[in-house]
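>>> sequence isn't available, so here's the structure alone:
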Ligand code: ATP
């Protein structure tokens, strides 16, 4: 079956890792018509918009998008395209599975976490202003509606995928009203899911626990900001930002993107690891019912990683993005542990 999917290559390492995924999907035999759209600074230079209407229309029409990272310049004058996209499409849930990959060495061997991050509010509401010179106020928004929706998403996920525990992460001892409301909504939803254990951890203590005993946690339910920070921490548990995928879900639309950002330090050097976006793409294939092809690609990726000869710098190797991508393509074509000529 032919699929039409929106592709946002993004900037920084985005175009390199996006083209790697497109190449692997083509070699795997998928019939996909990609509708390519710019976003962020690249789009602004062409259309004067950072989040062009044509891009939003394309995602609304196709219901599915694969997205590379889009840089948000630090400082004033540029609101985040990533946040804007999530708001515009009401992509209220950000799902990030964090697992050890075969052949990828890390400090731990038994990490299998699911991060469920609220995606639309909290300090990401972008409500900041100068009260008087030298004093800035940044407003944290937590609503019953969004907190209940994300809690329900976490518990539904846990039930559908046989997970045993959902842990809400918060700082309600300090932010009694806002994080307090998040917890209250989580508790209310938890009562409907008696088959799943529910507990709570304060975010700082949760970070320590994650570093000491990541195997003891299961599904993590977090408001937006803690979700962002804890995601990078969790990526560090399994080999870094190059290997952790993600999916943003709304009611009808889903946008798949890696946890990492645009990594400007390694952009345009053919050094980026495309694994995180590839795994995000495989989540997308599961979502559009291309499970068999997703399984084949995953097996090819695993074989390349286990073989270990061809891996990118972040995983201790010397391969370029292209060499790593081609090694996966060769695996798909031959099914053997083919190695590059060099
Ligand atoms: P943001 O704040 O935009 O979300 P981030 O905190 O996720 O960004 P990145 O820009 O993604 O930060 O990357 C931090 C560092 O991790 C980079 O400097 C880069 O060295 C490394 N990194 C990130 N993604 C990759 C990747 N796909 N392959 C190799 N290294 C990566």
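Cool, got the structure. Because the structure is a prediction, the values reported are computed rather than measured.
>>> please see if the lowest-mean-pLDDT helix or strand in the chain touches the ligand.
Ranking every helix and strand in the chain by mean pLDDT, DSSP states H and E puts helix 41-47 at the bottom, with a mean of 88. No: against the ligand, helix 41-47 shows no contacts by Cβ under 6 Å from any ligand atom, the least distance being 13.1 Å. All C-beta atoms are positioned from the backbone trio N, CA, C, and that covers glycine.
>>> buried ones in that helix?
42, 43, 44 (16 or more other Cβ atoms under 10 Å).
>>> what's in contact with that helix?
11, 37, 38, 49, 50, 51, 52, 55, 71, 73, 78 (Cβ atoms under 8 Å, 6 or more residues apart in numbering).
>>> which among those count as buried?
Buried, going by 16+ other Cβ under 10 Å: 11, 37, 38, 50, 51, 52, 55, 71, out of the contacts of helix 41-47.
>>> ok, the residues you listed vs the ligand, which is closest?
Using Cβ to the nearest ligand atom, residue 71 comes nearest to the ligand of the buried ones among the contacts of helix 41-47, at 6.8 Å.
>>> which element, helix or strand, includes the closest one?
Under DSSP states H and E, no helix or strand contains residue 71.
>>> correct me if wrong: it contacts residue 13.
No: here residue 71 lies out of contact with residue 13, judged by Cβ atoms under 8 Å, at a distance of 10.3 Å.
>>> common neighbours of these two, please.
residue 262.
>>> how many neighbours does the spatially closest residue to residue 72 that is not a sequence neighbour have?
Spatial nearest neighbour of residue 72, chain neighbours left out: residue 80 (4.2 Å); criterion: Cβ to Cβ, 6 or more residues apart in numbering. Close neighbours of residue 80, defined as other Cβ atoms under 10 Å, add up to 18.
>>> columns distance to residue 330 on top of the buried residues of helix 41-47, output as JSON lines?
As requested, the buried residues of helix 41-47 are exported to JSON lines (distance: Cβ to Cβ, whole Å):
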{"residue": "42", "distance to residue 330": "32"}
{"residue": "43", "distance to residue 330": "35"}
{"residue": "44", "distance to residue 330": "39"}
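>>> got the residues of the stretch 1-150 of the chain near the ligand?
So the stretch 1-150 of the chain meets the ligand at 13, 17 (Cβ under 6 Å from any ligand atom).
>>> show me where the stretch 1-150 of the chain has strands.
3-8, 32-36, 64-67, 93-99, 112-118, 128-132, 135-138 (DSSP state E, counting those that start in this stretch).
>>> partners of the first one, with directions?
As defined by DSSP bridges, the strand partners of strand 3-8 come to strand 32-36 (parallel), strand 64-67 (parallel).
>>> ok, back up a step: now, the most widely separated pair of the contacts of helix 41-47?
Greatest spacing in the contacts of helix 41-47, by Cβ to Cβ: 37 and 73 (19.9 Å).
>>> break this structure down into its domains, please.
1-97+241-342, 107-237 (automatic domain parsing).
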